[in-house]
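J.: take this sequence and fold it.
(2 chains)
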Amino acid sequence: QQQVKQSPQSLIVQKGGISIINCAYENTAFDYFPWYQQFPGKGPALLIAIRPDVSEKKEGRFTISFNKSAKQFSLHIMDSQPGDSATYFCAASKIGGGSNYKLTFGKGTLLTVNP
Amino acid sequence: SAVISQKPSRDICQRGTSLTIQCQVDSQVTMMFWYRQQPGQSLTLIATANQGSEATYESGFVIDKFPISRPNLTFSTLTVSNMSPEDSSIYLCSARPGGFRTGELFFGEGSRLTVL
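T.: Have a look, this model is predicted:
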């Protein structure tokens, strides 16, 4: 059972455009939703994360939108740049103890930003 | 945050041999994990490396194949035993400095393993 579904699998955007990647989760116990950015040959790097007490979080050109009732969250990259070309992973887990503390990852989105 | 160093960064191994990957964190961390990432795929959790006790393995992964050590709060090793070409993958060490209090998970650069 895939607990975090990510789409699209790949995305091509022109420089200056908006990149949008979506994720949906199933486990209502999840309360921590990070996004990771991974360049070829590198480990995933934590980009931005959100907790369900807010509907949106912005850091620079990166924004997470969160819809608790729909169990969905998305990453928006404004003014996309060629340097943003990477694979992006959404993930989910629960803060604190219990059985859901381990991060569950989506399958990833390969973003290509054309110059 | 945490800075995680892994070695080797890559290796080419022969079928039937074993390789040990080392992971060093720049600070003491409560929780460390090992992930596998096959080319172009997502991250799959192999096990939680527990300090002072046996690792906790996820479904599909066993101690005989992936023995893990964690002698202290900054270091862990993962061994891939009796390797086959199907073990060709990137192995990632990760650390959660905040333990159960926060969700932030940091990764090393990975160890790219090719088995011939």
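
J.: from the contact counts, what lies against the helix or strand bottoming out on mean pLDDT in chain A?
T.: Ranking every helix and strand in chain A by mean pLDDT, DSSP states H and E puts strand A:104-105 at the bottom, with a mean of 92. In terms of contacts (3 or more Cβ pairs under 8 Å, 6 or more residues apart in numbering or on different chains; DSSP states H and E), strand A:104-105 is packed against strand A:86-92. In this view, the C-beta of every residue, glycine as well, is placed from N, C-alpha and C.

J.: quick one, strands of the chain?
T.: Since you didn't name a chain, this refers to chain A. A:4-7, A:10-14, A:19-25, A:33-38, A:45-50, A:56-59, A:62-67, A:72-77, A:86-92, A:104-105, A:109-114 (DSSP state E).

J.: chain B was what I was after
T.: Under DSSP E, chain B gives strands at B:4-7, B:10-13, B:19-25, B:31-37, B:43-49, B:56-57, B:68-72, B:75-80, B:89-96, B:106-107, B:111-115.

J.: A:P115: neighbour count?
T.: Neighbour count for A:P115, taken as other Cβ atoms under 10 Å in any protein chain shown: 8.

J.: what's the answer for A:T28, then?
T.: 11.

J.: try B:Y91
T.: The burial count assigned to B:Y91 is 22, neighbours taken as other Cβ under 10 Å.

J.: what's the distance between it and B:G16?
T.: For B:Y91, the distance to B:G16 (Cβ to Cβ, to the nearest Å) stands at 18 Å.

J.: check B:S1 too.
T.: 39 Å.

J.: need the pLDDT of B:I21.
T.: What the model reports for B:I21 is a pLDDT of 98.

J.: show me the contacts for it.
T.: Neighbouring residues of B:I21 by Cβ atoms under 8 Å, 6 or more residues apart in numbering or on different chains: B:6-8, B:77-80, B:91, B:93, B:111, B:113.

J.: re the thing from before, dump the strands of chain B to a markdown table, plus distance to A:Y88.
T.: Formatted as a markdown table, the strands of chain B follow (distance: least, Cβ to Cβ, whole Å):
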| stretch | distance to A:Y88 |
| --- | --- |
| strand B:4-7 | 20 |
| strand B:10-13 | 24 |
| strand B:19-25 | 24 |
| strand B:31-37 | 14 |
| strand B:43-49 | 13 |
| strand B:56-57 | 28 |
| strand B:68-72 | 29 |
| strand B:75-80 | 26 |
| strand B:89-96 | 16 |
| strand B:106-107 | 14 |
| strand B:111-115 | 20 |
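
J.: between these, which one is closest to A:G108.
T.: Nearest to A:G108, of all those, is strand B:43-49, at 8.6 Å by Cβ to Cβ.

J.: next, the angle from that closest one to strand B:31-37.
T.: 150 degrees (axes from the mean of the first three to the mean of the last three Cα atoms, to 10 degrees).

J.: for chain A, see how far away B:N72 is.
T.: Separation of B:N72 from chain A (Cβ to the nearest Cβ, to the nearest Å) stands at 22 Å.

J.: look up the closest residue to that residue, ignoring the ones flanking it.
T.: B:Q51 (6.6 Å; Cβ to Cβ, 6 or more residues apart in numbering or on different chains).

J.: is it true that the one you found touches B:T74?
T.: No - between B:Q51 and B:T74 there is no contact under Cβ atoms under 8 Å: 9.5 Å.

J.: what does chain A put close to chain B?
T.: Chain A comes close to chain B at residues A:32, A:34, A:36, A:41-46, A:49, A:89, A:93, A:95-97, A:101-103, A:105-108, as judged by Cβ under 8 Å from any Cβ of the partner chain.
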